[in-house]
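Colleague: task: produce atomic coordinates for the following.
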Amino acid sequence: MGKVYDVAIIGGGPAGLSAGLYASRAKMDAVIIEKGKWGGQAATTEELENYPGSMEHPTGPKVMERMKIQAEAFGTECLKEDVTGFDFSDQIKTVKLSKGEIKAKAIIYATGAQPMLLGAPGELEFRGKGVSYCATCDADFFTELDVVVIGGGDAAVEEAIYLTKFAEKVTIVHRRDEFRAAKSIVENAMQNDKISVIWNTVVEEIYGDGIVEGVKMKNIKNGEVTDFRTDGVFVFVGTKPITETIKGLVDMDAKGYIIADEEMRTSVEGVFAAGDVRVKSLRQVITACADGAIAAVNAEKYIEKNFEHILLPDAKKEGGWV
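Modeller: Now for the predicted structure:
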């Protein structure tokens, strides 16, 4: 069988890195597998002022770099690879990679979620420079400024209300003529003097010089295009969990988020979920880190309970126990 890790962690964002740190400090043989950027979405955030202790180095990339260094310092192996699937049919789990596979006693799935993009020109250019996907993260940067919120669901309207604590004016731009958000949330928004709504309209371009200065909007009823000046654009057109490789293997909700309990246990024994990829009410760096720590602690308990006296076929030949 070859090497068997105690725990294989899928995803190198805050949840995965925290899980690696806690697993390694518990003397487990842990590997984190990440195909993209270490740190995940947090590594794309220019300012990270709502993560405790990050004031000296508040940038997302810097904090994530330090997390990875710390996990590696305690022995976590960090592997740059693409996970293509899993085999949970045996007690020893198999992680299928684009180049081979690895074995582990427990799995922590921490691939995160990603905001759905608007797809308008300028969106990616000004990401972190006026374009945001998280009001809780970035609202403070728009104190006494004007912002646009794009979307019409619960998240868009709730985040618009939150933004009024900081911004001078919040304009919601929605492609339909009514919100999809819950009526109670809509009522609260409509009673807020700082909030106005532009109906039946889509944002076709975000522009500026180094930072966001405005948007070009199109009325889908009459085709009229207008220029709207704003200091920031918050996009809330949905989020998508990154669960393609584990789909059908563990229980998920209708949106594809993994269902896990407060101990991060999924519907499959020995498989845990942590961070933005699971069903939860708040998706932030701090909650992802907490999830990762909890998952690692419970993975350790699972291993101690289920592998104390298990002898693997290859180990029998060498007289060794797992």
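Colleague: helix, strand or coil: sort out Glu213 for me.
Modeller: Here Glu213 is strand, with the state taken from DSSP: H, G, I helix; E, B strand; the rest coil.
Colleague: list the contacts of it.
Modeller: By CB atoms under 8 Å, 6 or more residues apart in numbering, the contact set of Glu213 is 130, 207, 229-231. Backbone N, C-alpha and C define where each C-beta goes, glycine included.
Colleague: element containing Ala106?
Modeller: strand 100-109 (DSSP states H and E).
Colleague: what do you get for Ala155?
Modeller: Going by DSSP H and E, Ala155 is part of helix 154-163.
Colleague: which helices and strands does that helix pack with?
Modeller: Judged by 3 or more CB pairs under 8 Å, 6 or more residues apart in numbering; DSSP states H and E, helix 154-163 is in contact with helix 135-138, strand 146-150, strand 169-173, helix 183-190, strand 232-235.
Colleague: that older thread, buried subset of the contacts of Glu213?
Modeller: 130, 230-231 (16 or more other CB atoms under 10 Å).
Colleague: nearest to Thr266, of those residues?
Modeller: Gly130 (37.9 Å; CB to CB).
Colleague: surely the closest one and Val212 touch.
Modeller: Yes: contact between Gly130 and Val212 holds when scored by CB atoms under 8 Å: they sit 2.6 Å apart.
Colleague: what do these two both touch?
Modeller: Residues touching both Gly130 and Val212 (CB under 8 Å, 6+ apart): 206, 231-233.
Colleague: before we move on, back to that, buried residues in the strand holding Ala106?
Modeller: Quick answer for strand 100-109 (16+ other CB under 10 Å): 102-109.
Colleague: over to stretch 255-274?
Modeller: For stretch 255-274, using 16+ other CB under 10 Å, the buried residues are 256-258, 260, 264-266, 268, 270-274.
Colleague: over to that stretch now: how far is its first residue from its last?
Modeller: Stretch 255-274 has its terminal residues 16 Å apart, counting by CA to CA, to the nearest Å.
Colleague: can you list contacts of it?
Modeller: For stretch 255-274, contacts defined as CB under 8 Å, 6+ apart pick out 15-16, 18-19, 88, 91, 93, 105-110, 113, 240-241, 243, 246-247, 249-253, 277-280, 288, 291-292, 294-295, 298-299, 302, 306.
Colleague: again, only this time at 6 Å
Modeller: 15, 19, 88, 106-110, 241, 243, 250-252, 277-279, 291-292, 294-295, 298-299, 302 (CB atoms under 6 Å, 6 or more residues apart in numbering).
Colleague: restricted to strands, list the residues you listed.
Modeller: 106-109, 241 (DSSP state E).
Colleague: please pull out the lowest mean pLDDT helix or strand from this protein.
Modeller: Least confident helix or strand of the chain, by mean pLDDT, DSSP states H and E, is helix 313-318 with a mean of 45.
Colleague: tally of neighbours for Ser196?
Modeller: Using other CB atoms under 10 Å, Ser196 has 12 neighbouring residues.
Colleague: kindly report the same for the one 4 residues further on.
Modeller: Asn200 has 14 neighbouring residues, counting by other CB under 10 Å.
Colleague: do Leu97 as well
Modeller: Neighbours of Leu97 (other CB under 10 Å): 16.
Colleague: so it sits against Gly85, correct?
Modeller: No: using CB atoms under 6 Å, Leu97 is not in contact with Gly85; the gap is 9.1 Å.
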